[in-house]
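Visitor: Mind folding the following:
(one chain, ligands or ions: 1)
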Amino acid sequence: MNTQNTPPTSSAANAHDGQTAADNNAPTVAFPRPTPAQVGERAAALDAATLNIASMVNQITHGDCAKVLRQLPDACANMVLTDPPYLVRYKDRAGRTVANDDNTRWMFPAFSELYRVLKPDSYCVCFYGWSKADRFLSVWRECGFYPVGHFVWAKRYASCVRHSRMMHEQAYLLAKGNPLPPKHPPADVQPWKYTGNRLHPTQKPVDSLTPLIEAYSRPFDLVVDPFAGSASTGVAALSCRRRCLLIEKDAGYYQAAKARLDRLPHHMTAFFLNRQPTKAAPVLQTPKA
Ligand SMILES: C[S@@+](CC[C@H](N)C(=O)[O-])C[C@H]1O[C@@H](n2cnc3c(N)ncnc32)[C@H](O)[C@@H]1O
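Guide: I've put the predicted structure just below:
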């Protein structure tokens with residue numbers, strides 16, 4: 001759901017809303033004044049979005065992320081950390097596959113929604129398949145993201161041997177707007193610990209994700225991962241006192257991720273309930289007439 005009004009591009013569009021440029025001398029490109037019904041509809045949509053987000057925090061939601069993200073309000077996420085399909089028709093030795101790894105149709109709908117839900121001047125860290133780097137970069141740019149950094153994790157083993165021994169993972173650090181760089185930026189070459197891929201064929205090590213979350217978000221922030229797999233981003237976010245919102249399309253991986261989150265100790269998933277309220281902003285006095 002896009003909760004933003006889209007400005008009309010012509011006077012015909014204004015006329016359609018019962019307001020012509022001649023009525024009010026407004027320029028031809030202007031926001032139409034919403035009708036009371038439209039105001040009510042928008043308020044209801046925002047209320048629903050607020051309810052939706054509350055029920056999804058520190059949980060994993062089963063579904064297609066483009067559709068689920070549409071239910072969230074604009075600019076509700078402080079950081080995106082995600083690991084989408086690599087577009088390589090992945091299959092491991094046990095025959096496990098990754099949904100949408102064989103097509104690019106999901107890319108624009110998912111990344112444009114991610115851009116909308118991310119706050120301005122914030123970061124998105126996105127793993128990607130190096131053989132399709134051009135495709136990823138062009139979709140990210142089309143959606144408004146631009147690269148400001150690049151991470152490489154060095155593995156001690158080869159995950160595939162062909163023209164080279166493939167011994168690294170990689171992710172782009174993307175920006176929306178102009179985020180303030182962190183005080184202590186992490187090195188862009190990092191070590192990698194093998195997870196055993198027990199819960200998911202491409203399970204990411206939590207230890208590789210926590211330095212990124214600590215650098216590019218703050219405690220209590222909301223970290224979104226719409227391609228959550230086994231919920232590694234969620235576990236990493238919760239372990240550094242960030243809230244998380246996770247989405248996974250595959251029913252089997254969703255169940256494994258949900259069970260993984262359910263096994264976490266209560267204090268990890270409910271830490272923010274004890275948060276001390278931040279000092280309220282001072283109320284400005286209206287000078288007496
Ligand atoms: C590379 S894996 C993520 C693995 C994860 N980082 C982990 O540590 O377990 C990508 C995941 O995205 C999921 N996926 C693919 N398309 C999706 C979509 N449109 N919406 C939600 N999830 C999707 C796949 O089922 C897969 O589990």
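
Visitor: which stretches of the chain form helices?
Guide: Along the chain, the segments classed as helices by DSSP state H run 11-16, 21-24, 36-56, 65-69, 107-117, 133-143, 206-216, 232-239, 251-262, 266-269.

Visitor: How far away from the center of its chain is the third one?
Guide: In this view, helix 36-56 has its centroid 20 Å away from the chain centroid, taken as C-alpha atoms, centre = their mean, to the nearest Å.

Visitor: near the ligand at all, it?
Guide: No. Helix 36-56 lies out of reach of the ligand by C-beta under 6 Å from any ligand atom, never closer than 13.2 Å. C-beta coordinates here come from the backbone N, C-alpha and C atoms, glycine included.

Visitor: Check stretch 102-120 too.
Guide: Yes. Stretch 102-120 reaches the ligand (C-beta under 6 Å from any ligand atom) through 106, 110.

Visitor: check contacts around the residue lying closest to Leu261 once chain neighbours are set aside.
Guide: Nearest residue to Leu261, sequence neighbours excluded (C-beta to C-beta, 6 or more residues apart in numbering): Ala231, at 5.6 Å. Contact analysis of Ala231 by C-beta atoms under 8 Å, 6 or more residues apart in numbering lists 60, 225, 246, 248, 257-258, 260-261.

Visitor: Near the ligand, which residues of the stretch 101-250 of the chain are found?
Guide: Counting by C-beta under 6 Å from any ligand atom, the residues of the stretch 101-250 of the chain that sit close to the ligand are 106, 110, 200, 202-204, 226-227, 229-230, 232, 247-250.

Visitor: Looking at the residues you listed, which is nearest the ligand?
Guide: Gly229 (2.5 Å; C-beta to the nearest ligand atom).

Visitor: For ChimeraX, write a command that selects the buried ones of the residues of the stretch 101-250 of the chain next to the ligand.
Guide: Filtering those down to the buried ones (16 or more other C-beta atoms under 10 Å) takes a single ChimeraX command:
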select :106,110,200,202,203,204,226,227,229,230,232,247,248,249,250
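
Visitor: Below-threshold pLDDT in this structure: ranges please.
Guide: 1-34, 42-43, 45-46, 274-289 (pLDDT under 70).

Visitor: Repeat the analysis, applying 80 as the threshold.
Guide: Within the chain, the segments meeting pLDDT under 80 span 1-52, 271-289.

Visitor: which residue ranges form the strands in the stretch 151-289 of the chain?
Guide: 160-161, 165-166, 168-176, 189-191, 222-225, 243-248 (DSSP state E, counting those that start in this stretch).

Visitor: where's the fourth one relative to the chain centroid, distance-wise?
Guide: Strand 189-191 has its average C-alpha position 23 Å from the chain's average C-alpha position, going by C-alpha atoms, centre = their mean.
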